[in-house]
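In: following is a predicted model, sequence given first.
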Amino acid sequence: MKKTTTLFMTLLLSAIAITSCNKDGVYNPKEKIDKIYVNAGSGKYLSEDWTWDNKQLKTINYYNSEGSIDYTETFTYTDKRLSQVDNQEDGETVKYTYDNRRLHQASFYTNNVLYMNCIFEYYENKLSDIKVTITDVDKGLNTKGVANPLKYILPEQSVKSIENVLKENPTRSLIYFEIDFAWDGNNISEMGIEMDDKYEMLYVFEYDNKLNPFRNFLGSDLEETLSGHGVYKSKNNVVSYTSIKTEMGITLTESHYISYTYDGRFPATRTADNVIEYFEYE
């Protein structure tokens with residue numbers, strides 16, 4: 001799971017949530033993604049190619065800037081809900097389990113060895129927190145390449161801060177932290193991360209009034225909350241966010257901005273950090 005295509009995409013019940021069904025593990029958008037192109041300054045190229053079987057997403061091919069496929073994610077369903085995502089090129093698998101209608105757990109494996117587990121908890125029908133345990137610290141600290149499992153969930157600055165905490169106690173055998181969510185209507189307004197009473201990160205989000213095509217998407221990675229295409233479970237698209245990091249008593253605040261053009265009520269392009277994404281729908 002090298003790349004972004006998800007953090008925690010599950011379903012919120014909403015009378016106007018036209019982008020999805022009312023059952024966790026089901027991704028049935030009104031506008032289905034077909035292809036995603038990227039321009040990072042050196043020319044536009046195909047980045048993702050999505051294949052559907054009627055209403056079910058079956059595969060995503062990920063391309064490099066030279067036009068070759070880096071890897072393919074394959075989606076498997078049980079009782080019409082997503083149960084597993086495989087990236088055979090890298091021996092990566094994510095398995096999803098549910099408690100009645102809600103996503104309960106996401107378990108990450110490399111070559112059939114479990115290295116990360118995420119437990120999803122809810123309050124008043126909305127996601128309230130995710131408890132994350134990484135049982136392979138060596139893999140958790142692997143910053144060589146894009147397959148760092150911490151990056152499935154957290155933006156890069158958070159990964160570096162957590163690594164600093166771990167280096168203070170190199171003998172520890174696991175990593176544990178919690179991600180908490182606050183809501184404003186159908187959008188996540190704040191996301192907080194806390195670890196070891198030494199590191200805290202708070203994200204505060206602002207949104208447009210258009211529809212997020214990735215809402216409720218359950219996929220391979222768990223990174224979409226911030227640095228991927230969309231914010232997990234939110235109805236609308238993030239236009240700005242403020243990060244407030246406190247580490248060892250020192251606080252740092254940063255602001256980030258994202259702009260869009262639209263195809264009807266959905267994004268046609270998304271620009272962040274001078275990288276432009278182009279969305280095509282079917």
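Out: Nice, I can see it.
In: quick one: the helices in the chain, in order.
Out: For the chain, the helices defined by DSSP state H cover 137-140, 156-167.
In: K55 is in contact with K30, isn't it?
Out: No. Counting by Cβ atoms under 8 Å, K55 stays clear of K30, with 10.9 Å between them. For every residue, glycine as well, the C-beta is placed using N, CA and C.
In: pick out the shakiest of the helices of the chain, pLDDT-wise.
Out: Out of the helices of the chain, helix 137-140 stands lowest, with a mean of 56 (criterion: mean pLDDT).
In: any low-confidence regions in this protein?
Out: Residue ranges of the chain with pLDDT under 70: 1-22, 136-173, 218-230, 232.
In: F108: how many residues sit nearby?
Out: 25 (other Cβ atoms under 10 Å).
In: which strand runs longest in this structure?
Out: Using DSSP state E to define each element, the chain has its longest strand at strand 250-263.
In: now do the contacts for N112.
Out: Residues in contact with N112 (Cβ atoms under 8 Å, 6 or more residues apart in numbering) are T93.
In: which strands or helices does the longest strand of the chain pack on?
Out: In terms of contacts (3 or more Cβ pairs under 8 Å, 6 or more residues apart in numbering; DSSP states H and E), strand 250-263 is packed against strand 238-247, strand 266-272.
In: what comes up buried for the first one?
Out: This means strand 238-247. Along strand 238-247, these residues count as buried under the neighbour rule (16 or more other Cβ atoms under 10 Å): 238-239, 241, 243, 245-247.
In: out of the helices and strands packed on strand 250-263, the one nearest D196 is which?
Out: Of all the helices and strands packed on strand 250-263, it is strand 238-247 that lies closest to D196, at 10.5 Å by Cβ to Cβ.
In: what angle sits between the closest one and strand 250-263?
Out: 170 degrees (axes from the mean of the first three to the mean of the last three Cα atoms, to 10 degrees).
In: and for Y122, the neighbour number?
Out: So Y122, with other Cβ under 10 Å, has 16 neighbours.
In: I should have written N216 there, sorry.
Out: N216: 28 neighbours (other Cβ under 10 Å).
In: so it touches K23, yeah?
Out: No. Counting by Cβ under 8 Å, N216 does not reach K23; the two are 9.5 Å apart.
In: who's in contact with N100?
Out: Per Cβ under 8 Å, 6+ apart, neighbours of N100: none.
In: for D197, see how far away G249 is.
Out: Noted for G249: a distance of 11 Å to D197, by Cβ to Cβ, to the nearest Å.
In: check V113 too.
Out: Distance of V113 to D197, computed by Cβ to Cβ: 30 Å.
In: higher neighbour count, those two?
Out: Neighbour count, other Cβ under 10 Å: between V113 and D197, V113 has more, with 12 against 7.
In: which strand residues bridge the more buried one?
Out: When bridges are called by DSSP bridges, V113 pairs up with T110.
In: what separates it from K131, distance-wise?
Out: Going from V113 to K131 by Cβ to Cβ gives 21 Å.
In: how about N125?
Out: From N125 to K131 the distance is 19 Å (Cβ to Cβ).
In: out of the two, name the residue with the larger neighbour count.
Out: Using other Cβ under 10 Å, the more surrounded residue of N125 and K131 is K131, with 15 against 9.
In: quick one: contacts for that one?
Out: Applying Cβ under 8 Å, 6+ apart, we find K131 in contact with 118-119, 121, 176, 178.
In: apply 6 Å and report the result again.
Out: By Cβ atoms under 6 Å, 6 or more residues apart in numbering, K131 lies in contact with 119, 178.
In: so what's it bridging to?
Out: Beta-bridge partners recorded for K131 (DSSP bridges): I119, E178.
In: how close does it sit to Q105?
Out: Look at K131 and Q105: by Cβ to Cβ, they are 10 Å apart.
In: what do you get for T51?
Out: Distance, T51 to Q105, by Cβ to Cβ: 27 Å.
In: quick one: N39 from N111, how far?
Out: In terms of Cβ to Cβ, N39 sits 35 Å off from N111.
In: scratch that, V26
Out: Distance, V26 to N111, by Cβ to Cβ: 29 Å.
In: so between the two, which is more surrounded?
Out: Counted by other Cβ under 10 Å, V26 and N111 do not tie: V26 has more neighbours, with 19 against 9.
In: what is the burial count for the residue nearest to that one when sequence neighbours are not counted?
Out: With Cβ to Cβ, 6 or more residues apart in numbering as the criterion, V26 has its nearest non-adjacent residue at 5.9 Å, and that residue is R81. Neighbourhood size, R81 [other Cβ under 10 Å]: 18.
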